[in-house]
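Trainee: Fold the following, please.
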Amino acid sequence: MGLLTSARSCIGTLGRRMRSAQAMTVARRSFVYTTQPAAGVTASMSAARGFCSHPDFAPKSNVEGAEDEQVQKMLKQLVTENKVVLFMKGSPDAPQCGFSRAVAQVLAEEQCQDYAYVDVLKYPEVREGVKKFSDWPTVPQLYVKGEFQGGCDIVVQMHKDGELKDVLAKAQEQE
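Mentor: Just a heads-up that it's a prediction; the model follows:
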């Protein structure tokens, strides 16, 4: 009995090794197949792996179909109805970009707590629309009393020069 059990164990081990060797061969064959064209397969297909050409996998715009005029109208309303508006990536508590973090920190340092912010990562049509609205290519963007102040570099420089404190004070005075 011991010899039979030992033989089965040996055969089982050998079978596992053979299956493992077959699996490696299959993997090697598939690798060879992807790097060398098989009969009837064009060289361009084997040289580079292409993505599926089905329309479901084609790149799609999230802003396609959004009325540009409507977005611009909403942005204008937003910046005129609020004293201070910050278009940023993320939120002031959890910014998703170092530049957005810097502007949020500058506003906190200026004790400006009463401001509206828009997370442009959640609203792609706003992300593209605000760039057209201000004719400024990047986010974050700061508006005070409907007037575009600038992006990160400009706002940080205004803060260092003391200009931002004056602009924000004037906005808070006029109710």
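Trainee: Asp153 versus Ala169, what's the distance?
Mentor: 22 Å (Cβ to Cβ, to the nearest Å). For every residue, glycine as well, the C-beta is placed using N, CA and C.
Trainee: ah, wrong one, I meant Val139
Mentor: The value you get for Val139 to Asp153, if Cβ to Cβ is used, is 13 Å.
Trainee: shared neighbours, those two?
Mentor: Overlap of the contact sets of Val139 and Asp153 (by Cβ atoms under 8 Å, 6 or more residues apart in numbering) is empty.
Trainee: show me where this structure has strands.
Mentor: 84-88, 116-119, 141-144, 147-150 (DSSP state E).
Trainee: Settle it for me: which of Val139 and Asp153 has more neighbours?
Mentor: Val139 (23 against 12; other Cβ atoms under 10 Å).
Trainee: thought that one was touching Pro95?
Mentor: No - using Cβ atoms under 8 Å, Val139 is not in contact with Pro95, being 11.1 Å away.
Trainee: any common contacting residues for those two?
Mentor: What both Val139 and Pro95 touch, as defined by Cβ under 8 Å, 6+ apart, is the set Met88, Lys89.
Trainee: circling back: I'd like the strands of the chain as TSV, with mean neighbour count appended.
Mentor: Written out in TSV, the entries for the strands of the chain read as follows (neighbours: other Cβ atoms under 10 Å):
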stretch	mean neighbour count
strand 84-88	25
strand 116-119	19
strand 141-144	25
strand 147-150	16
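Trainee: Indicate which one of those strands is closest to Gly162.
Mentor: Proximity to Gly162, assessed across these by Cβ to Cβ, is greatest for strand 147-150 (14.1 Å).
Trainee: residues in contact with the closest one?
Mentor: Ser134, Trp136, Gln141, Leu142, Tyr143, Val155, Met158, Leu164, Val167.
Trainee: ok, now which ones touch the fourth one?
Mentor: Going back to what we said before, that points to Leu142. Taking Cβ under 8 Å, 6+ apart as the definition of contact, the neighbours of Leu142 are Val84, Val85, Leu86, Phe87, Val103, Leu107, Phe148, Gln149, Gly150, Gly151, Val155.
Trainee: sorry, back to before: between the contacts of strand 147-150, which is closest to Phe99?
Mentor: Minimum distance to Phe99 across the contacts of strand 147-150 is 9.5 Å, recorded for Val155 (Cβ to Cβ).
Trainee: Can you give me the neighbour number for the closest one?
Mentor: For Val155, the neighbour count with other Cβ under 10 Å is 25.
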